[in-house]
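**Q** Could you work out the structure for the sequence below:
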Amino acid sequence: MPIRDARYDILFEPIKIGPVEAKNRFYQVPHCTGMGWSRPRMVAGLRGMKAEGGWGVICTEYCSIHPSTDDIPFNSHSIWDKGDIRAHRLMTDKCHEHGALAGVELWVSGAESVNYLTREVPMDVVSMPNGNGEPYQARAMNKSDIRELRRWHRNAALRAKEAGFDIVYVYATHHYLLDNFLNPSINTRTDEYGGSQVNRMRIVREIIEETREAVGDSCAVAVRFSVDDGGGPDGTPVHADRLEIFEALSELPDLWDINISDYSWEMGSSRFTQQGALESYLAEVKSKTTKPVVSVGRFTSPDAMASQISRGVLDFIGAARPSIADPFLPNKIKEGRIEDIRECIGCNICYTGDSKHYPLRCTQNPTMGEEWRRGWHPEQIAVKGSDANVLVVGAGPAGLEASLALGQRGYSVTLAEATRELGGRVTLESQLPGLAEWARVRDYRLGQLAKLPEVEIFRESRLTLADILAVEADHVAIATGATWRRDGYGIYSTCPMDPMPPAEQTFTPDDIMAGKIPDGPTIVYDDERFYLAGLIAEKLRMTGMAVTYITPAPRVSNWSINTTEQFRIHQRLAELGVDIILNHGLEGFDGSQATISCAYTEKEQAIVADNLVLVTCRQPEDNLFNEVQSAIEQKLKGAPLTVKRIGDADAPAIIAAAVFSGHKYARELDVEVDGDNPIKYDRVFFDDE
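**A** Model (predicted):
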């Protein structure tokens, strides 16, 4: 039985937060799920799983206090009425079942929201435009509005108490209304709520005090607050008067949840931001308050966590992404199973659930978001449904995950990989600039597979149909991945280029990642529009060659705006000296120049270059699947009972989708699934009362 390292004992000390006590220092800070008020059972399943996994405190995402604050199309929580109280009870009961405290982040938007659902007029400290570019403005709050806001917040706190929450937040950061009152460049009011520092923080003080008065007998009051005013280089705080405000309010709440102004650094991907990136911003915080402090840092190392506590940087280890990647992270540290931690890779795919308005997902944890509707558990899986044996062809992310989950179910699994290296695209992409942590997808699964005698791995085993028939497996999963197309087919053009570009001067990401590097000025054409083309451009430019990045999209690495990286990717390429051309599609390349045309006017221009890298679209490698399927239909000797494509061999997508596909295949093997209703649908019915 593993024994916990004594160095980590400090992480499991109980900590008082006002009238309540957390059982340890693991604190899941408020984070979005893409579920919110519309999917309360899914949220309860997700948060409850973290409670089971040992987190001491588990918080909601941002939670609207009143219909004058709604964030449609984004899925926030709400705590407007008795229906909301019932919905939140689903979560708080699950947290309490496992000894965790439940926190709610009461939220007032201000000009950041339009209120598309309720059609209520947004209000803010002054009349100002919507922060997301919507053609709406907030009206300036008068004193009557401020009195109403205070009443709404107090009533929401009382509803939170009735819903079973132990910690009630005052949310005064992230450019929302209370943060705007604190900001001297925004708050230009001339009454007692504007002007001087004392006046600007008046409303925050009042709401903290009134929340304590309303629920402080049994609920802790937390304040989420930024001690950084923004504008400095990464890692360099610009406090302005934020620390003075913090010190003036320092003893009012029971806990401080500290963040910074730049969300792309606070929520930074591993490509740009490393573990513990906020420490420099926190340097003076603990010296100015006696109350416990929590903050984040994408902490995955228990050594780093213990260091933050022992050095007095933090009292709680705040986490969003690490708790998503491994809801059982605290228990694994507690039980001395460090090697079993499913470490966050910092890809920020979880965040796309909020930005794209769908239930969050995780590259490392395919069960995330599926706890209630599919009944999936990250640490438990049903035993095998038969004594069948399974052949998995391809050891990329889908094949590794399928083999792991099948082995955990008890199936006899043969995993065949055509190359020497395991991991497929994960191994290749993790060698690109800034993506080293992505190798954790491979490394975690290989570490777990090593514990499973049921799974046998064969490297350098490129299988043919004859080989598969000779194995005589009962089931075959084809996880052979996909290859990047060389013909320009993609979003912009759904026809191959005609004439085709010169083969010896045309490259794909497969070539670049295999070490085949062009010589001379090179165009990187991005019609996939996520991260890879930007990385290829960065890698090539770092060799010293002239690189021109061209995309039909209006932004560099356009979809990465959903992972909070887009600005930084464009900034990085610009700083490296990559020429950037937006809103232009590729029409042709003759080996000496490319012809591109404006996506709006179709006006053409020529770009001189010796080479072209096409990052457009992938072709599934599914020939083997088709051959095996045909063998089944022909009832050939040795043909399996079933064959299924998984991962990119089925439908090329993000790595998270490949991992999910492999996991889903393993979960559903020998299980009867209702093809019409494969998952539960989260409906909510409200009483009229």
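**Q** Next one: Tyr136 from Ser76, what distance?
**A** 17 Å (CB to CB, to the nearest Å). (Each C-beta comes from the backbone N, C-alpha and C, glycine too.)
**Q** any idea which helix is longest in the protein?
**A** With DSSP state H applied, the helix covering the greatest number of residues in the chain is identified as helix 143-162.
**Q** May I see the buried residues of it?
**A** Of the residues in helix 143-162, those with enough neighbours to count as buried (16 or more other CB atoms under 10 Å) are 146, 149-150, 152-154, 156-161.
**Q** Report the two of these separated the most.
**A** Within these, Ile146 and Lys161 form the most distant pair, 23.2 Å apart (CB to CB).
**Q** Tell me where the model's unsure across the chain.
**A** Segments of the chain classed as low confidence (criterion: pLDDT under 70) are 1, 684-689.
**Q** Domain map for it?
**A** Under automatic domain parsing, the residue ranges defining each domain of the chain are 6-355, 389-481+621-668, 486-617.
**Q** To Arg361, which of these lies closest?
**A** Taking CB to CB, domain 389-481+621-668 is the member of the domains of the chain nearest to Arg361, at 5.4 Å.
**Q** What's the end-to-end length of the closest one?
**A** Counting by CA to CA, to the nearest Å, you get 15 Å between the two ends of domain 389-481+621-668.
**Q** quick one: that domain to chain centroid distance?
**A** In this view, domain 389-481+621-668 has its centroid 25 Å away from the chain centroid, taken as CA atoms, centre = their mean, to the nearest Å.
**Q** do you know how far the residue nearest the centre of the chain is from Met368?
**A** Within the chain, one residue has its C-alpha closest to the average C-alpha position: by CA atoms, centre = their mean, that is Cys350, at 2.0 Å. Between Cys350 and Met368 the distance is 7 Å, computed by CB to CB.
**Q** shared neighbours of these two, which are they?
**A** Common neighbours of Cys350 and Met368 are listed as 324, 360-362 (criterion: CB atoms under 8 Å, 6 or more residues apart in numbering).
**Q** neighbour-wise, which of the residues you listed leads?
**A** Neighbour counts for those, by other CB atoms under 10 Å, peak at Ile324, which reaches 28 neighbours.
**Q** quick one: that residue and Leu360 touch, right?
**A** Yes. Distance between Ile324 and Leu360: 7.0 Å, which falls inside the contact criterion (CB atoms under 8 Å).
**Q** Name all residues that sit in contact with these two at the same time.
**A** Common contacts of Ile324 and Leu360, defined by CB under 8 Å, 6+ apart, comprise 350, 368.
**Q** Which residue ranges of the stretch 1-150 of the chain form strands?
**A** When secondary structure is read from DSSP state E, counting those that start in this stretch, the stretch 1-150 of the chain shows strands at 15-17, 20-22, 26-28, 57-64, 77-78, 101-107, 123-124, 128-129, 137-140.
**Q** Can you list phi and psi of Leu282 for me?
**A** Main-chain dihedrals, Leu282, degrees, to the nearest 10: phi -100, psi 0.
**Q** what's the neighbour count on it?
**A** By other CB under 10 Å, 21 other residues sit near Leu282.
**Q** Then the one 3 residues further on?
**A** As a burial measure, Val285 scores 20 neighbours (other CB under 10 Å).
**Q** Following element in sequence after the helix or strand containing Ile512, please.
**A** Ile512 belongs to helix 509-513 when elements are defined using DSSP states H and E. Next helix or strand after helix 509-513 toward the C-terminus (DSSP H and E): strand 522-526.
**Q** Can you list the strands that that following strand pairs with?
**A** Here the strand partners of strand 522-526, with direction, are listed using DSSP bridges: strand 547-550 (parallel), strand 611-615 (parallel).
**Q** Mind checking those for the one nearest to Ile512?
**A** The closest of the strands paired with strand 522-526 to Ile512 is strand 611-615. By CB to CB, the value is 6.6 Å.
**Q** Arg205 contacts Pro253, correct?
**A** No. Taking contacts as CB under 8 Å, Arg205 lies outside contact range of Pro253: 10.5 Å.
**Q** wait, which of the domains of the chain is closest to Asn677?
**A** Using CB to CB as the criterion, the shortest distance between Asn677 and those is 14.0 Å, found for domain 389-481+621-668.
**Q** Show me where the stretch 551-689 of the chain has its helices.
**A** Shown for the stretch 551-689 of the chain, the helices assigned by DSSP state H, counting those that start in this stretch span residues 566-576, 623-633, 655-668.
**Q** Buried deepest among those, which one?
**A** The highest mean neighbour count among those, using mean count of other CB atoms under 10 Å, belongs to helix 655-668: a mean of 24.
**Q** what's it packed up against?
**A** Judged by 3 or more CB pairs under 8 Å, 6 or more residues apart in numbering; DSSP states H and E, helix 655-668 is in contact with helix 397-409, helix 425-429.
**Q** cutoff 10 Å now
**A** Contact analysis of helix 655-668 by 3 or more CB pairs under 10 Å, 6 or more residues apart in numbering; DSSP states H and E lists strand 389-393, helix 397-409, helix 425-429, helix 440-449, strand 475-478, strand 642-645 as its packing neighbours.
**Q** need these in JSON lines with mean neighbour count and distance to Trp265, can you?
**A** Putting those into JSON lines (neighbours: other CB atoms under 10 Å; distance: least, CB to CB, whole Å) gives the following:
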{"stretch": "strand 389-393", "mean neighbour count": "25", "distance to Trp265": "40"}
{"stretch": "helix 397-409", "mean neighbour count": "28", "distance to Trp265": "28"}
{"stretch": "helix 425-429", "mean neighbour count": "21", "distance to Trp265": "23"}
{"stretch": "helix 440-449", "mean neighbour count": "21", "distance to Trp265": "21"}
{"stretch": "strand 475-478", "mean neighbour count": "28", "distance to Trp265": "40"}
{"stretch": "strand 642-645", "mean neighbour count": "21", "distance to Trp265": "40"}
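**Q** Of all the ones you listed, which one comes closest to Asn142?
**A** Between Asn142 and these, the shortest gap by CB to CB is with helix 440-449, which sits at 52.7 Å.
**Q** CA-only coordinates of that closest one, as PDB, when you get a sec.
**A** Output for helix 440-449, consisting of C-alpha atoms alone and laid out as PDB, is shown next (Å, rounded to 0.1, in the frame of the first residue of the first chain):
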ATOM      1  CA  ARG A 440       1.700  14.000 -20.700                       C
ATOM      2  CA  VAL A 441      -1.200  12.600 -22.800                       C
ATOM      3  CA  ARG A 442       1.100   9.900 -23.900                       C
ATOM      4  CA  ASP A 443       3.200   9.500 -20.800                       C
ATOM      5  CA  TYR A 444       0.200   9.100 -18.400                       C
ATOM      6  CA  ARG A 445      -1.300   6.400 -20.500                       C
ATOM      7  CA  LEU A 446       2.000   4.500 -21.000                       C
ATOM      8  CA  GLY A 447       2.500   4.700 -17.200                       C
ATOM      9  CA  GLN A 448      -0.900   3.200 -16.500                       C
ATOM     10  CA  LEU A 449      -0.600   0.600 -19.300                       C
END
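**Q** now that helix and helix 655-668, what's the angle there?
**A** Here helix 440-449 runs at an angle of 30 degrees relative to helix 655-668 (axes from the mean of the first three to the mean of the last three CA atoms, to 10 degrees).
**Q** What is the subsequent helix or strand relative to helix 440-449?
**A** Using DSSP H and E, the helix or strand that follows helix 440-449 in sequence is strand 455-458.
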